[in-house]
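Student: can't give you the sequence, but here's the structure:
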């Protein structure tokens, strides 16, 4: 097996069994990629520490906050999960000894050889161990930080996955949108225009219907990573049926079609970049012309000032 395509048996087993956030924390701690901080304040302090850690590049660590001011031990906040190659590789069940270049080569191979897996529907799971309903709901129970001084409130997402269902066709969308706590049982939910979750919500509202949303906090970072990736709408809707029923000839044809699409997309990207560069060159030339004119005007001004001074 080639080095750039190595995935250990242990990681394959982990993928098959599934992984939760606690398991991920254990994995990155064994790699020396986790820092634990106790006693921080949810009010701006956690956000400031997170920001400082974020800008350390490959020296950055995932930060696990515990014993947060005003909250019991065990009510924790995790930040900076995906800042380094090792942590991203761990999240993707890939080799953690990659250089950045090795990682980019391998992730490129994975992106071009995607195998879509149908989700398994289950009746129960750990997520159902603690259930609160009605008057027992209290979102302030979670030590949600006020991340920045000028934030309008305490944001419990975008580190979340926000799950919505397309009202006409029934396919499920996972997104990462802004979620702010308004009070003990109300969350503000912002989605940028053009995002699938926003499109779905507007469809429901146009019909006078409520848009039901399931929000996941504290999941495997792999799911968070998936929630932030844009997937073609038609693929999100149909790929289970296409890949399950395709025979080898269909797969070969689809590979050629995907290859053709990638080449066309690549040419479009090159043309777009070429257009952007030409615009930048034109803008730069305009600025240089303006600077030259300004310089000449300054020279004339200096000469006039010197002449005036000499006359005085």
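Tutor: All right, it came through fine. Here the structure is a predicted model, which means the values were calculated and not measured. Numbering: from 1, shown residues only.
Student: burial count for residue 102?
Tutor: The criterion is other C-beta atoms under 10 Å. On that basis, residue 102 has 17 neighbouring residues. C-beta here means a position set from N, CA and C on the backbone, and glycine is covered the same way.
Student: what bridges to residue 179?
Tutor: Note on residue 179: beta-bridge partners by DSSP bridges are residue 157, residue 189.
Student: List the contacts of it.
Tutor: 155-158, 160, 162, 187-190, 215 (C-beta atoms under 8 Å, 6 or more residues apart in numbering).
Student: after the helix or strand residue 202 falls within, next one along is what?
Tutor: When elements are assigned from DSSP states H and E, residue 202 belongs to helix 196-206. On the C-terminal side of helix 196-206, the nearest following helix or strand under DSSP H and E is strand 214-216.
Student: what sits up against that following strand?
Tutor: 157, 160-163, 179, 187, 223.
Student: Same question for stretch 127-141.
Tutor: Under the contact criterion C-beta under 8 Å, 6+ apart, stretch 127-141 has outside partners 75, 156, 181, 183-187.
Student: Now, of these, which are buried?
Tutor: Neighbour counting with 16 or more other C-beta atoms under 10 Å marks 156, 181, 187 as buried within the contacts of stretch 127-141.
Student: Just to check, residue 198 is in contact with residue 189?
Tutor: No. In this structure, residue 198 is not within contact of residue 189 by C-beta atoms under 8 Å, at 10.1 Å.
Student: Identify the residues contacting residue 207.
Tutor: residue 167.
Student: whoops, residue 184 was the one
Tutor: Neighbouring residues of residue 184 by C-beta under 8 Å, 6+ apart: 137-140.
Student: Output these in TSV; the columns should cover pLDDT and secondary structure.
Tutor: Converted to TSV, the contacts of residue 184 look like this (pLDDT from 0 to 100; DSSP: H, G, I helix; E, B strand; the rest coil):
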residue	pLDDT	secondary structure
137	96	coil
138	97	coil
139	97	helix
140	97	helix
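Student: Which of the contacts of stretch 127-141 sits closest to residue 108?
Tutor: Taking C-beta to C-beta as the measure, residue 108 sits nearest to residue 156 out of those, at 34.1 Å.
Student: coming back round to it: JSON lines for the buried ones among the contacts of stretch 127-141, including pLDDT?
Tutor: Formatted as JSON lines, the buried ones among the contacts of stretch 127-141 follow (pLDDT from 0 to 100):
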{"residue": "156", "pLDDT": "96"}
{"residue": "181", "pLDDT": "97"}
{"residue": "187", "pLDDT": "96"}
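Student: would you list those in TSV and tack on distance to residue 68?
Tutor: Listed next are these as TSV, based on distance: C-beta to C-beta, whole Å:
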residue	distance to residue 68
156	14
181	15
187	20
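Student: with those in mind, which one is nearest to residue 31?
Tutor: Nearest to residue 31 among these, counting by C-beta to C-beta, is residue 156 at 27.3 Å.
Student: Hmm, residue 189 and that closest one touching each other?
Tutor: No. If you go by C-beta under 8 Å, residue 156 and residue 189 don't touch, sitting 10.7 Å apart.
Student: for residue 228, what are its contacts?
Tutor: When contacts are counted by C-beta under 8 Å, 6+ apart, residue 228 touches 175-176.
Student: If you tally nearby residues, what's the number for the residue lying closest to residue 205 once chain neighbours are set aside?
Tutor: Leaving aside its sequence neighbours, residue 205 sits nearest to residue 211 (C-beta to C-beta, 6 or more residues apart in numbering; 6.7 Å). For residue 211, the neighbour count with other C-beta under 10 Å is 17.
Student: Understood, closing this out.
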